[in-house]
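In: Kindly return the folded structure for what I paste below:
(4 chains)
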Protein chains: 2
Amino acid sequence: MHPGTASRALDPSLPDRVTAETKRKVEDAARELGYAPDPAARSLRTRRSGFVGVVVPDLTNPVIPPIVRGIEQVLWSAGLACLLADTDNDVEREAALVAELQARRCEGLIVSTATRHSAPVAALSGGPVPTVLVTRDIDAGTLPFVGADDASGVDRAVGYLTELGHDRIAHVTGPVELSTTVVRERAFREATERRVSGEPAPVLHGEAFTIPAGRRAAGDLFRRRDDITAIVAGNDMIALGCYAALAEAGLRCPDDISIVGHNDMPLASSLQPPLTTVAIPQYEIGREAARTLLDRLAGEASGAPRVLLETELIVRGSTAPSRAAAPSTHGLRARV
Amino acid sequence: MHPGTASRALDPSLPDRVTAETKRKVEDAARELGYAPDPAARSLRTRRSGFVGVVVPDLTNPVIPPIVRGIEQVLWSAGLACLLADTDNDVEREAALVAELQARRCEGLIVSTATRHSAPVAALSGGPVPTVLVTRDIDAGTLPFVGADDASGVDRAVGYLTELGHDRIAHVTGPVELSTTVVRERAFREATERRVSGEPAPVLHGEAFTIPAGRRAAGDLFRRRDDITAIVAGNDMIALGCYAALAEAGLRCPDDISIVGHNDMPLASSLQPPLTTVAIPQYEIGREAARTLLDRLAGEASGAPRVLLETELIVRGSTAPSRAAAPSTHGLRARV
DNA sequence: TTGAAAGCGCTAACAA
DNA sequence: TTGTTAGCGCTTTCAA
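Out: Modelled structure (predicted):
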C-alpha cells in the first residue's frame, strides 16, 4: 500500500479516484490501525488550517452566548473548528487577540467588536483573512455585518408606547462607543420625531450596558424631568437600571412609567414586572454570521453587505396605558 | 542569514542561544517583512498543536460562560488557544466532538460533561490527551475534577434555614444524570438528617435544570405535602420554577415558604423576591481548571485530584423565619 | 488507476 | 555561536 493511494482513498472530496476495492481496503486498514490524518501535516501541505477565530467582547454578556452557539454549530457542521477569544471589551486586548488569531492562520474571523472605532478590526477589511462582524458594527462600514434590525424594533417600541397614549418618552442609551447604541438612538429620535409632537424627546447616555449605568442615567433623567411617562431602554440591563432608579424615586412601573427593553435576554420574563422588550434572534444571528463567512471562504461573495434579521416586540408587564392621557393625573405631576 | 539561526533567535523559550546582536537583527527583519512562523509547519515539527479543546454542555446555561472566560484567560496567557465545542447536553454529540478534538491533536481537554455516565468522557482517562473535568464530574472518578464545594454550600443553606426555625424542608433537585445533582442531594439528606428531627426530608427530582422542570417538581411537592416551609432548590433555575409553582398554589415566598437556590446566577438579585442562593466562584473555577490542565501538560501532576472551591451563602429576600415556629399559624396548614 | 517523488515551512541534531 | 541537513506526515504532480 502506498501513501499517495491511501491519501486519495481517504479524501471524500474527489470520489472515484481509486477503485472501490482499494478504497474499502484502505478504510478497513485505517479503522484497524486507528489511523487519522495529522492535521498539522495536512495543513502545511494544503495551506488550510481548518479553523476560524471567534472574537467576542464578553462571554458574560447574555446576548453573546446564543450567538456563539449559532456560529459554532454551523461552523462545526462545515468541518471548521472555532478558536474562541474574549476581549473583555478592551481594544488593546482585541488588537492582541486578532493578531494572535491571524498568526495562527485562521481561515476566517467572526468578530463582535469592542467598539465601533476599533482600528485593529477596521484594518481587517481588505486583508487576507475574510471577516464577518456580528451584532456590533464598526463606523467604517467596510466589513460584512450580520445583526438584528434594531431600528425597526425601536420604531415598533415607540409606536406601541404612543398607541398606549404616551407622549413624553425618553431614551436611556447604552455606551456611545457601540454601533448598537448609535443605531437605536437614531431610530428613537426618528420615531419620536415622527410620532410625537412637541419638543424633541430626551435622550440620556448610560456609560455601559449595565444595571448601575442605567440606574445613574435614569436617576439623572428623573431629576431633570418629572413629566416622562415612558422610557425606551438601550438594552435589558439598562432597563433593569431604570427599574432601580424608578424605585428610588418612589415611582412604580408600569403604573407611573412604562419601560421597554431590548434583546429579550434570559429571565426577562422573570423580572418584576416582566419586561416588555424588543427580542432579537440571537441564535439565528450567529448562524447567519457563520453562513456569511462560509460564503466568503468559498469565494462566492464580496463587498460589505449588511444582513439585518427581524426583531419582535414582546409585550409583557412593564408597559401600560399612559395615565397622562387623562390630563388631571398627568404622569409624575402627581408627585410634585 | 540562515533559517536555523533565525528560528533560534525567534524562540523565546531558550534565550541566549544567539548573540544579542543577531537576535536584534533577526527581529528587525521579521518585523519589516511581517514575518510570523507558520504554526502548521512548527506544529508538524514539534508535535505540539498549541491549543486545547474546551467542551461545554450548553453555553446558554448561565453557569458556563464565566467558567469558559476563566479557562480562556489563563490558557491564552500560557500561549494556548481554545477550541470551543458545545455538546448541547447530548451524549452522542459529546462523543463526536471529543473525537474530533482529539483528531485535531488538542494538547489537552477541559470538559464539562453532558452526563455523569458519559462513556466517551470516561474513556479519556489514561488516554494520550490530558483531561480535566470542570463543574460536572463523572461517576468513574478517574479524571481530575475542579468544581465548587457544593456539599458544604448545601449544608450551610440547610443550617441557615433551620436557624430560621424551618423544620419541614424539601429538596427539589436537578436532573439525576448530573454529578452536581447527586452531590447536592446527598449533602441535603445528610444535613437534614443531622439537623432536623423526624422523618426524612422529602426529595423531588426535576428532569432538567430549567424553570418548567422546577415548577413541575415543586407542583408535585405541594400536591403531596402541605406542611413544607422551606425548599432547597437544585439550582437557581429550579428555584425560579419553585417561585412559579408557589404562585400557582396561591402561596407566597418567603412569607409561606422560603427558597434557597444554587449558583447565584446573573440577575438572581433582580428577581422577585431577590433569591437567597449558594454562590459558586464560577470564574475562579474556570481559572483553576485551566491551571490544573497546565500542570498536567507540564508533566508536574498525575492522578485524579478533586479540587473543590469554596461556596458562599448569599442571603437575600427569598428566605425568612418560619411561621411554623408559632404552631397556630403553621405554614401551609393555614390554607387547608 | 496506482506508484514514485517532491516539497509545504519549520526546528532539532549535528558539524564546523 | 552559527551553518547545514534532515525530516515531521501529508498531498499532489508526474510518470508508469
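In: Low-confidence regions, the stretch 1-150 of chain A specifically.
Out: Low-confidence segments of the stretch 1-150 of chain A, defined by pLDDT under 70: A:1, A:12, A:14-16.
In: Which residue would be the closest one in it to DNA strand D?
Out: With Cβ to the nearest atom of the strand as the measure, A:Gly4 is the residue of the stretch 1-150 of chain A nearest to DNA strand D, at 2.8 Å. Heads up, the C-betas are built off the backbone N, CA and C, glycines and all.
In: How many residues are close by that residue?
Out: Number of residues near A:Gly4 (other Cβ atoms under 10 Å in any protein chain shown) recorded here: 8.
In: a helix runs through it, doesn't it?
Out: Yes: judged by DSSP: H, G, I helix; E, B strand; the rest coil, A:Gly4 forms part of a helix.
In: any idea how far it is from A:Glu32?
Out: If you measure A:Gly4 against A:Glu32 using Cβ to Cβ, to the nearest Å, the figure is 20 Å.
In: What is the neighbour count of A:Ser302?
Out: 10.
In: So it versus DNA strand D, what's the distance?
Out: From A:Ser302 across to DNA strand D, the span is 24 Å (Cβ to the nearest atom of the strand, to the nearest Å).
In: which residues sit in contact with that residue?
Out: Counting by Cβ atoms under 8 Å, 6 or more residues apart in numbering or on different chains, A:Ser302 touches A:Arg296.
In: cool, A:Val68 as well?
Out: Neighbour list for A:Val68: A:Val54, A:Val56, A:Leu59, A:Cys82, A:Leu84, A:Gly286, B:Leu59, B:Leu84 [criterion: Cβ under 8 Å, 6+ apart].
In: what's the angle between the host helix or strand of the fourth one and strand B:81-86?
Out: Using DSSP states H and E, A:Cys82 falls within strand A:81-86. Relative orientation of strand A:81-86 and strand B:81-86, computed by axes from the mean of the first three to the mean of the last three Cα atoms, to 10 degrees: 110 degrees.
In: Helices along the stretch 201-336 of chain A, start to end?
Out: Applying DSSP state H, counting those that start in this stretch to the stretch 201-336 of chain A gives helices spanning A:211-224, A:236-248, A:282-297.
In: so which of those is the most packed in?
Out: Ranked by mean neighbour count, the helices of the stretch 201-336 of chain A are led by helix A:236-248 with a mean of 24 (mean count of other Cβ atoms under 10 Å in any protein chain shown).
In: I'd like to check the angle between that one and helix A:211-224, please.
Out: Going by the same axes, to 10 degrees, helix A:236-248 makes 50 degrees with helix A:211-224.
In: From the contact counts, what lies against helix A:236-248?
Out: Judged by 3 or more Cβ pairs under 8 Å, 6 or more residues apart in numbering or on different chains; DSSP states H and E, helix A:236-248 is in contact with strand A:169-173, helix A:211-224, strand A:230-233, strand A:258-263.
In: can you list contacts of that helix?
Out: Contacts for helix A:236-248 (Cβ under 8 Å, 6+ apart): A:62, A:172-174, A:206, A:209-219, A:221-222, A:231, A:233, A:252-253, A:256-257, A:259-265, A:268, A:271, A:275, A:277, A:318, B:267, B:270.
In: Perfect, that will be all.
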